[in-house]
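> Quick one, what's the 3D model for this:
(2 chains)
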There are 2 protein chains.
Amino acid sequence: MESNIIYVPILMAILGLIFMGIKAVWVKKQAAGNEKMQSISKSIKEGALAFLNAEYRLLVVFVIIASIALYTISIIVPTTSWMIVPAFVIGAIFSALAGNIGMRIATEANARTTEAAKTSLPQALKVSFGGGTVMGLGVAGLAVLGLSLFFLIFTGQFLGNGASFYENMTIVLEALAGFSLGAESIALFARVGGGIYTKAADVGADLVGKVEAGIPEDDPRNPATIADNVGDNVGDVAGMGADLFGSYVATVLAAMVLGNYVIRDMSFETPFSDAFNNMGPILLPLVIAGVGILASIIGTFLVKISSNNAKESQVQRALDTGNWVAIVLTLIASFFLIQYMLPETMNMKFFGNSYMVAVPSMNVFWSACIGLAVGALISYVTSFYTSLGKKPVLDIVQNSSTGAATNIIAGLAVGMKSTFWSVLLFAAAIYGSYELAGFYGVALAASAMMATTAMQLAIDAFGPIADNAGGVAEMSELEPEVRERTDILDSVGNTTAAVGKGFAIASAALTALALFAAYVTFTGIDGINIFKADVLAALFVGGMIPVVFSALAMKSVGKAAMQMVQEVRRQFKEIPGILEGTGTPEYGKCVAISTKAALREMLLPGLLTIITPIVIGLIFGAEPLGGYMAGVCVSGVMWAIFQNNAGGAWDNAKKSFEAGVKINGEMTYKGSDAHKAAVTGDTVGDPFKDTSGPSMNILIKLTCLVGLVIAPILGGHSSESMMANSKETLQKQIQVEMQSSAEVEAKAIITTTKTVNGKVVTEEKVIEGTPEEIQEKVEELKKE
Amino acid sequence: MESNIIYVPILMAILGLIFMGIKAVWVKKQAAGNEKMQSISKSIKEGALAFLNAEYRLLVVFVIIASIALYTISIIVPTTSWMIVPAFVIGAIFSALAGNIGMRIATEANARTTEAAKTSLPQALKVSFGGGTVMGLGVAGLAVLGLSLFFLIFTGQFLGNGASFYENMTIVLEALAGFSLGAESIALFARVGGGIYTKAADVGADLVGKVEAGIPEDDPRNPATIADNVGDNVGDVAGMGADLFGSYVATVLAAMVLGNYVIRDMSFETPFSDAFNNMGPILLPLVIAGVGILASIIGTFLVKISSNNAKESQVQRALDTGNWVAIVLTLIASFFLIQYMLPETMNMKFFGNSYMVAVPSMNVFWSACIGLAVGALISYVTSFYTSLGKKPVLDIVQNSSTGAATNIIAGLAVGMKSTFWSVLLFAAAIYGSYELAGFYGVALAASAMMATTAMQLAIDAFGPIADNAGGVAEMSELEPEVRERTDILDSVGNTTAAVGKGFAIASAALTALALFAAYVTFTGIDGINIFKADVLAALFVGGMIPVVFSALAMKSVGKAAMQMVQEVRRQFKEIPGILEGTGTPEYGKCVAISTKAALREMLLPGLLTIITPIVIGLIFGAEPLGGYMAGVCVSGVMWAIFQNNAGGAWDNAKKSFEAGVKINGEMTYKGSDAHKAAVTGDTVGDPFKDTSGPSMNILIKLTCLVGLVIAPILGGHSSESMMANSKETLQKQIQVEMQSSAEVEAKAIITTTKTVNGKVVTEEKVIEGTPEEIQEKVEELKKE
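Numbering: from 1, shown residues only, chains lettered A, B, ... in the order given. Prediction:
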């Protein structure tokens, strides 16, 4: 049984996918509403699928080129396998599939949620959350299934091939990194492309429709309205699905790689052995992920409300209950799994020490608890800075009274300030989990955060579905109470989205660190010393990349939005009767503009992310590349928090005016000058929070993954450098010996170098005696 | 002669101060205009002096507390001297003095420039640039004088005290760091306080005066107008003076500290000796700085125009000529000084190597050239991103046509994008100058950039004087041609200000790196390895500080501006006849609001900067503090470039509308909707470019200085740790020996550690034989 534990995550993943299928069938069985609703829903679905198909066609080219590059590496470097190529391709396909499943169910669920909202809020929640569940389970199931199956295949292929367990396992994990690389590359393009698509359509539709023509949001007379609703699905659903799929895979992979180092450290004298084919520490993260799927399924059953008059807080409580039950169940299971699968004490060689430290396996559990606690606290900080009625948002509202400029300054300041607690908490998580169980602890902290991804994503994805449902209600001109019900769901969705982003950035950053640690160990370099000028220079270059990436993403949104504005203006002018509702707008042209712009503009930031680390690694070597990665991580985390929270706060500052706010003692509503200033802030925040901000997660993870994959070329774990490594270890041991046995006798050869006429001349002097004597003589020599 | 070379910089500094006195007398002798002009000029001067006095009163408290802390350190740590305290106090006083001199001459020169502009543009340039020259020479003269005199006193005190030259010199330089710390602390408060003051007054005056009451800028009916003009002097002149004084001192100090390491490296076998009291490499940066003063004086003579009808480009050319002549003269002098003062080849131990490298002294000269070239290129990049008529600014202009939101998005994107080339160039400067001559090369690159500070500052300071002169012309209701002439000077001043900021951030960042290198060597740690979790966590915390600092500064401006708005509104309502010009506004109340707000709000960011590194150093130790410093540097450089350039670009996008711009084929002017959107952008940019952005320079330098000063407490260069250092060196030598003599025979003791029932057991095995044999046995042992 124990040696077959790999089948546990496989079974859980299949279970998750089956449950996903059942839910999907159930959602599709719900009534889809009247003909108009169905037709709107169909337009949205077709637009979204058209975009995804165009996107995938483009990405196929990328995947082919990258595959050739990976294959070439595998031929040149003897210790890597060509099997990285299928892993990469399948990773890319699974990632696309995860986004696709989510997108399809979301576009099915939107009109059905509207239909359900006609009669009952509990039912509307059930349908929209059902859609979210399908997506969550699809992502988690595919991720765990893919990782487990490839791991099974690769271990069968490479283990017991003559070389040591550690060396073979390194080849396995290096090939498995291909799966993660494939997933994360597609995620980057999907996030950036989707983000540009949705915001170009949104900003364009608003600027001409709402502001110039004075027609409401989601009005069917606006030619960009379908593009806008398509954007919600393409960006928020498909983009997010691919993003979290990538995060999930990368986190588990990083933990597995670090598990391999635990085994190596414990194999110094005798090979490590346990009941799990001697790879308990490697399998643990996979099994926890599998259990997380089961816990999430249980959690989803608890997300329900009974009263038709429920308010936001009750819906929120239902989601929280499901979420926390899933988390606590996973944590309890982890407690037992850690005891079961890890040796009672593990020997770890902490960096910089020459001796082993005995780490009780329970420390790994505490690391996981730290991960979860810090994740929850960062989410709390995020929601404080972005929620309605809290001081930061109220502050932006107050500053709207003196115009757009003060609103913007206040919003920027809120975003910047929000980095304070988030970063301190994050630093505490690194420090604490490392102290407990080294980088394996850091990786398990991230794994714990990500274990209930299925549930998290279900909660995240239900928001855009409810948002779309409201759009369908508006466009189909249904009773106001339908829109009121979907608005309750939408409003809860906004809060969960902000909280989810906090969680996502925390887990992404921890994952990046774990990958970073894996990279350092893969390449066999002696840490990343920023006191070396080339490493320091690379640190600065790395710090610049997220900033430039954000600039490119924002500019792309601006450019595409301008095109959209011109097209909508043209249609308003040229199509007769369009504003009276008698002429039909050409929705397709707006969809085409967003599609083309998104595909064109996603390339540059995407390639910048992928190519820069390769260039730095190949030209300057492994340690500068490490400095580059660290720079991307540090800067990326700051800019992610800054942009996400500023954007979220601006959004809610604008929303505050819907219910009315008190400014200088006067109640102020929608339509006031202050509200207009707040709308300006929200428009600035849109690309922040939906395009550039969320891309930062992927940017930092992908950078570290690229490093990990090219590590073997940088003089990584080839046989030669492994020899070098063991030589180094040998020397270190000698050094230690000199210190301890030095009590008795020591011998030192002092090498002095002097320069004569520009030439370096080296002289050697031999000194023997006790350490004290040697030291005295050295001091004398120095004074000579 | 040669051993008295320390008197060269002292003489040059005195020469500079004498020339400054002559210029100041000359400026004051110029006609000060009619009574109204004199009275306006007097109000501005009084307001500015009142603020500086209030600021200094507050800073006296800070200086006293900091002095007590420094004195305590000097008692606890035996190898530091109490003499750091007077150095610190004098540094603070000199910094305040530098700001004060500049401010006084600027407020004298403004009305005199206006008066000169009545008749002649060449004369107006002469007066305004004369004012700038006074400030530049004052700053440079005081800096070089202070450093040289303290160095002379301290070397007399500590050299030849029994311990080695290197140890004694370390004490000298540690005490001298106090001078730099004093200067930089005051600079931080002056920059932040001045920045808050000027922008609170500016934004407040504009929002009520220009927007609400519809009266022009600098109109005497606006109660905040005097505060606004005071702000220009307090922020742009006094703040910048203190800033550059601090930079200059820190740069020279860092180069001196690294010169000491050059001497240490060259003293391994026999003590280093040369004709300059054996301290040529330490004295070189001081002498170059002294020569830079002379070259600057020569350069100032070349700044003149002859035609009364000169355009901006001619004025710009005059400034450029003076600047480049000063730079080239300094460079030529450096060429000979380096040959004269440095040994022909220097032995340097590059970090991570166990052997010495022979570095020709000419490499130091090439490092200086790299510094100047990169400084010039970064200035060029800065001016590209912020200049009228260039693509980035035109892009913001185009985006203004669709409203404030797109203007803001475009401006933010320009600021972010501008980091690309700046950071690449900066990284190249680190890499190149280090490759040439180690960190001494990096420090000399920064020194070369800063050598002509006197000239740079003269050019920088003439801008605000011309700006103020325009204000005086407006308030005194002079002929339009007077304003036209001052506007030409003002416009050139805007460009030089942007370019100066690019130069300042590049030199500050290089200085910070040199200080960082000095810190690592002072503390005797083995580099800064970010693969250690605590160092990595500190890197993240450091990265967060500039972001939070910026947020605090921006929020302070917002808060103070709101108060100003309310006060101006109150006066417009309550003072009868104020808008008709018959009632007199209460200027003093607005001045008081800005003053109080600036003093109150500068404390938190200032203390955050100073206290955080102390806390991290004391709790986590020297290496995490190094990580923190690196984080502050990386993030600070990004945010400085981003904020400065975005602010500059917004400013010029707004200015573009004054001459008219073509948007979508139509000429658009001031007063259009697009112009209003551009004004919003400019208002957002104001605190970016004048408050938070320029503070980043000081933030990063001060962080590194605080680290350097507390280095001795962190187990720095006390006798004990010096022993440890030499021990370490000894061991390294042994290690190298083992490698080379290992051809013959080697002995290795393998230490294996296993854990039995939770206890760590260590076993040792001794292996003897040739390296090959040992390795074989180790492989066997591993497989056991």
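
> ok now the helix or strand where A:Ala96 lies, how far from the chain's centre?
Using DSSP states H and E, A:Ala96 sits within helix A:84-119. Helix A:84-119 has its C-alpha centroid displaced from the chain centroid by 18 Å (CA atoms, centre = their mean, to the nearest Å).

> can you check stretch A:70-80 too?
The answer for stretch A:70-80 is 28 Å, by CA atoms, centre = their mean.

> Convert the C-alpha atoms of that stretch to PDB, please.
Output in PDB follows, covering the C-alpha atoms of stretch A:70-80 (Å, rounded to 0.1, in the frame of the first residue of the first chain):
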ATOM      1  CA  LEU A  70      14.100  22.400 -25.000                       C
ATOM      2  CA  TYR A  71      14.800  19.400 -27.100                       C
ATOM      3  CA  THR A  72      18.100  21.000 -28.200                       C
ATOM      4  CA  ILE A  73      19.000  21.500 -24.500                       C
ATOM      5  CA  SER A  74      18.200  17.900 -23.800                       C
ATOM      6  CA  ILE A  75      20.500  16.700 -26.500                       C
ATOM      7  CA  ILE A  76      23.400  19.000 -25.500                       C
ATOM      8  CA  VAL A  77      23.300  18.400 -21.800                       C
ATOM      9  CA  PRO A  78      23.600  14.600 -21.200                       C
ATOM     10  CA  THR A  79      21.800  14.600 -17.800                       C
ATOM     11  CA  THR A  80      18.600  16.100 -19.100                       C
END
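
> Quick one: list the elements packing against the very next helix or strand once past the helix holding A:Ala96.
Going down the chain from helix A:84-119, the next helix or strand is helix A:121-158, by DSSP H and E. Under the contact definition 3 or more CB pairs under 8 Å, 6 or more residues apart in numbering or on different chains; DSSP states H and E, helix A:121-158 sits against helix A:7-29, helix A:84-119, helix A:165-205, helix A:240-266, helix A:280-301, helix A:312-341, helix A:453-475, helix A:480-523. For glycine as for every other residue, the C-beta is placed from the backbone atoms N, C-alpha and C.

> So for helix A:121-158, mean pLDDT?
Per-region confidence: helix A:121-158 scores 92 on mean pLDDT.

> Measure how that helix sits relative to helix A:453-475, angle-wise.
140 degrees (axes from the mean of the first three to the mean of the last three CA atoms, to 10 degrees).

> Output the contacting helices and strands for the helix holding A:Ala96.
helix A:7-29, helix A:35-76, helix A:121-158, helix A:165-205, helix A:240-266, helix A:453-475, helix A:480-523.

> Quick check: next helix or strand after the fourth one?
Using DSSP H and E, the helix or strand that follows helix A:165-205 towards the C-terminus is helix A:225-231.

> contacting residues around that next one?
For helix A:225-231, the external contacting residues (CB atoms under 8 Å, 6 or more residues apart in numbering or on different chains) are A:40, A:43-44, A:47-48, A:51, A:194, A:197-202, A:204-205, A:209, A:218-219, A:222, A:468, A:471, A:475, A:564, A:587, A:590-591, A:593-594.

> switch to 6 Å and redo it
A:43-44, A:47-48, A:197-198, A:201-202, A:205, A:218, A:468, A:471, A:587, A:590-591, A:594 (CB atoms under 6 Å, 6 or more residues apart in numbering or on different chains).

> secondary structure class for A:Ala275?
Applying DSSP: H, G, I helix; E, B strand; the rest coil to A:Ala275 yields a three-state assignment of coil.

> Look at it and say how many residues are nearby.
12 (other CB atoms under 10 Å in any protein chain shown).

> Next, find the distance separating it from chain B.
18 Å (CB to the nearest CB, to the nearest Å).

> how about whichever residue of the stretch 51-200 of chain A sits closest to chain B, phi and psi?
When distances are taken as CB to the nearest CB, the stretch 51-200 of chain A reaches nearest to chain B at A:Ser164, 7.4 Å away. The phi/psi pair for A:Ser164 (degrees, to the nearest 10) reads phi -70, psi 160.

> Show the pLDDT at it.
For A:Ser164, the predicted pLDDT is 80.

> about what we covered before: which stretch in the helices and strands packed on helix A:84-119 has the least confidence?
Among these, helix A:480-523 carries the lowest mean pLDDT (a mean of 83).
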